[in-house]
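Colleague: Quick one, what's the 3D model for this:
(one chain, ligands or ions: 2)
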Amino acid sequence: RRTQDQILTDIRTLKHELSHEIILLAHHYQQDEIVAIADIVGDSLKLAQEAAKIRNKKYIVFAGVHFMAESADILTPPDRVVLLPEPKAGCPLAEMADITEVESVWRTLKDQVDGKIIPVTYINSTAVIKAFVGRNGGTVCTSGNAGKIFDWALKQGDKILFLPDRYLGENTALAKGIPPELIYHLKGDMLNPVFQEDIHTAKVLLWDGYCSVHRRFKTEDVAHIRKKYPGVRVIVHPECSHDVVAQADDSGSTEKILRQVEQSKSGSVWAVGTEAHMVNRLQDMFPDKTILQLSNPGYQCVTMSMTTPEKLHHLLSELSKGHVIHQVRVKPDIARDAYTALNKMLDITG
Ligand code: 13P
Ligand code: SF4
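Modeller: Ligands and ions are numbered 1, 2, ... in the order given. Reported below is the predicted structural model:
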């Protein structure tokens, strides 16, 4: 058996040999070894924008989860090939919006609820959901631009149907000053939905999805860390529940968290409520600051962690022999409508 060091050396060699035709993109939640050898590291917005700019590489190796590889496939010309080293690496949050259920709710909403509804999906959603949104006059958002997208959607219509992350939807709506009584939580059997009276006045309708990593942070974690480290600054991802976001000093996408920590004074102490790999890496990147897991020892995203150096090595060595494995290809009709939705987001946010 080869050691981890040998595998990493072999990956670097293969990457160098294939450098005329491959580019490696990695999300911040990936394992450190993968991040260390990636060509571009970013949050989901940055990776979507970078994928759209790639011109001269045939193979985009995507160290992330399935919906991110789908977005890269949708945003790049058809002759680009997007590869996911671990094909089973999905995002459980994305899978919480099932298209049959979403279409059933949509039909019932159009039938029973007055006013124009604009569907908006978080980028953590399947291509089929993005296509649904694209076909119905809506768009996509990320945790970095959700506020701007809400402004846009509420100019286009009377209500937003927000998919699939109820916490990002709620946090964004509340940050815009939309009162809780105008935020409606969809619940129950989505194939036979029954709505309460207050849906008619609501401005934002939230799908009942959540990220099981970020949902684990609790207000007790914030209270505990503040007691232990007086003066600590708490920053969390907006996929955390609203009570946690409200107790934190700030919230934002992974890129925003990175920027805030980077720009803070030497000696600053931070507690960060997001995926554990990223939080540990912040401490390595900024040794003059103290970076703590909001909840010790931190929570990893199981599916992000499924991409290992071994799997990346296997994919690259197959590629070097001319074998393309684990391609993520979105069906053309889905890709066309999902492109409409994604492109609208890039237009709105610049
Ligand atoms: P970002 O949009 O901040 O990259 O978040 C993606 C994600 O999966 C968060 O859990
Ligand atoms: Fe999905 Fe949560 Fe993992 Fe992000 S951290 S990929 S939202 S399960």
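Colleague: Might you list the low-confidence residue ranges for the chain?
Modeller: 1 (pLDDT under 70).
Colleague: Ligand 1 contacts on that one?
Modeller: 43, 44, 45, 124, 142, 143, 211, 239, 253, 254 (CB under 6 Å from any ligand atom). C-betas here are computed from N, CA, C, even on glycine.
Colleague: Based on its surroundings, how many neighbours for the closest residue to residue 180 other than its chain neighbours?
Modeller: When the adjacent residues along the chain are set aside, residue 180 lies closest to residue 174, with 7.1 Å between them (CB to CB, 6 or more residues apart in numbering). When neighbours are counted by other CB atoms under 10 Å, residue 174 registers 16.
Colleague: My read is that residue 174 contacts residue 181, right?
Modeller: No - under the criterion of CB atoms under 8 Å, residue 174 makes no contact with residue 181, lying 11.5 Å away.
Colleague: Find residues that contact each of the two.
Modeller: When CB atoms under 8 Å, 6 or more residues apart in numbering defines a contact, no residue borders residue 174 and residue 181 alike.
Colleague: if we can go back for a sec, measure the residue nearest to residue 180 to ligand 1 for me?
Modeller: According to CB to the nearest ligand atom, to the nearest Å, residue 174 and ligand 1 sit 19 Å apart.
Colleague: Check the secondary structure at that residue for me.
Modeller: At residue 174 the chain is in helix, as set by DSSP: H, G, I helix; E, B strand; the rest coil.
Colleague: OK, contacts around it?
Modeller: Contact analysis of residue 174 by CB under 8 Å, 6+ apart lists 180, 183, 242.
Colleague: Return the member of these nearest to ligand 2.
Modeller: Taking CB to the nearest ligand atom as the measure, residue 242 is the one of these closest to ligand 2, at 16.6 Å.
Colleague: Let me see the contact set for that closest one.
Modeller: 167, 170, 171, 174.
Colleague: Of the residues you listed, just say which sits nearest to residue 27.
Modeller: Proximity of the contacts of residue 242 to residue 27 (CB to CB) peaks at residue 167, which lies at 19.1 Å.
Colleague: Look at that closest one and say how many residues are nearby.
Modeller: Residue 167 has 22 neighbouring residues, counting by other CB under 10 Å.
Colleague: Over to residue 49?
Modeller: 16.
Colleague: got the contact list for it?
Modeller: residue 346.
Colleague: Roughly how far does residue 247 sit from residue 186?
Modeller: Using CB to CB, to the nearest Å, we find residue 247 at a distance of 26 Å from residue 186.
Colleague: Write out the residues of this structure neighbouring ligand 2.
Modeller: Counting by CB under 6 Å from any ligand atom, the residues of the chain near ligand 2 are 65, 91, 92, 93, 124, 211, 213, 239, 275, 301, 303, 304.
Colleague: From those residues, list just the buried residues.
Modeller: For the residues of the chain next to ligand 2, a neighbour count by 16 or more other CB atoms under 10 Å gives the buried set as 65, 91, 92, 93, 124, 211, 213, 239, 275, 301, 303, 304.
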